[in-house]
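Participant: Quick one, what's the 3D model for this:
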Amino acid sequence: MSGAGLASDGTSIYFLDANGTFDATLDGNGMPIHGDFGNGFLKLGTAPSLAVTDYFQPSNTVQQSAADEDLGSGSALVLPDLKNASGTVRHLALGASKNSVIYVVNCDNIGKFDSNADHIYQEIVGQIRGPMFAMPAYFNGTVYFGSIGDSIKAFMITNAALSGTPVSQTANTFGSPGATPSVSANGASSGIVWAVENGTIAVLHAYDAANLGRKLYNSNQAGGRDQFGQGNKFIAPTIANGKVYVGTRNGIGVFGQIAH
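Facilitator: Alright, predicted model coming up:
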């Protein structure tokens, strides 16, 4: 999951795993007969012991693994409880992977495996440009994705479903390995999306969370003043105490407001 951690709703644990053996022969409960879940979106229960309690497997999982297009490059994100148009509460998680598909699963019935079709809550194809080697971020009814060679894109949630196309995106793109965005805010207002661009000189970018087309800052705009070192893979900006912390190959850059 490109350095990201596991996701949890407080009861179960969710993650995406890499290509490997998957038992396409299922038992009476729809589970792989030998317990092999390679290239899946997995839900783990914790009682009485840690075990897979549900999963989703793409219908073309064998072909994906053979082509090294597994889900395990991306990371799972659990969304807050959401209501659909009829008022039903949905418990959702999502993730994207090397094949640039966004998978949204119903945590109460993730979908399991059918070689003929994907039985999944929502599947968005063709809206992120490159492979996903990052974790998406959530803020205020919007999910942000940063895939390789693509802009960071925002997808709005309406009636417990992601918009089929981005509602905003950054003007600049991010090379390998893409970007894991982080969000700072004052409650539900003043949201800022932070993302690090990898490179010989790493660049920290800040965007208006309500409109990613509006860039607020980047660490190269003042020449060498704010440059903080060489980039690295899978860096997620960390926000605490009114500051943004960014790891590099040999140190940490700390960004805060300039005292006047």
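Participant: From here on, just use CA atoms for contacts and neighbour counts.
Facilitator: Will do.
Participant: May I see the buried residues of the least confident helix or strand in the chain by mean pLDDT?
Facilitator: Ranked by mean pLDDT, DSSP states H and E, the helix or strand of the chain with the weakest confidence is helix 61-66, at a mean of 87. Buried residues in helix 61-66, counted by 16 or more other Cα atoms under 10 Å: 61-62, 64-65.
Participant: Look at Tyr14 and give its secondary structure.
Facilitator: Secondary structure, DSSP: H, G, I helix; E, B strand; the rest coil: Tyr14 is strand.
Participant: which residues does it contact?
Facilitator: 6-8, 41-44, 76, 78 (Cα atoms under 8 Å, 6 or more residues apart in numbering).
Participant: in the sheet, who's paired with it?
Facilitator: Here Tyr14 sits in beta bridges with Ala7, Lys43, as judged by DSSP bridges.
Participant: go on, Asp208?
Facilitator: Beta-bridge pairing for Asp208 (DSSP bridges): Ile192, Asn211.
Participant: Counting neighbours, what do you get for it?
Facilitator: 18 (other Cα atoms under 10 Å).
Participant: wait, doesn't it sit right on Gly191?
Facilitator: Yes - counting by Cα atoms under 8 Å, Asp208 does reach Gly191; the two are 6.4 Å apart.
Participant: can you tell me how far Phe56 sits from Tyr103?
Facilitator: With the distance defined as Cα to Cα, to the nearest Å, Phe56 ends up 9 Å from Tyr103.
Participant: Report the set of residues contacting both of the two.
Facilitator: Residues touching both Phe56 and Tyr103 (Cα under 8 Å, 6+ apart): Ile120.
Participant: higher neighbour count, these two?
Facilitator: Neighbours per residue, other Cα under 10 Å: of Phe56 and Tyr103, the larger number sits with Phe56, 24 against 21.
Participant: if I pick the more buried one, what's in contact with it?
Facilitator: Contacts for Phe56 (Cα under 8 Å, 6+ apart) come out as 40-42, 105, 110-113, 120.
Participant: Show me the beta-bridge partners of it.
Facilitator: Phe41, Lys112.
Participant: Give me the distance between it and Ser8.
Facilitator: 16 Å.
Participant: swap in Ser147?
Facilitator: 23 Å.
Participant: And for Tyr55?
Facilitator: Going from Tyr55 to Ser8 by Cα to Cα gives 14 Å.
Participant: Have a look at the two and say which one is more surrounded.
Facilitator: Tyr55 (23 against 17).
Participant: wait, what's in contact with that one?
Facilitator: By Cα under 8 Å, 6+ apart, the neighbours of Tyr55 are 40-43, 110-112.
Participant: Tell me the one among those residues nearest to Gln127.
Facilitator: Phe41 (20.0 Å; Cα to Cα).
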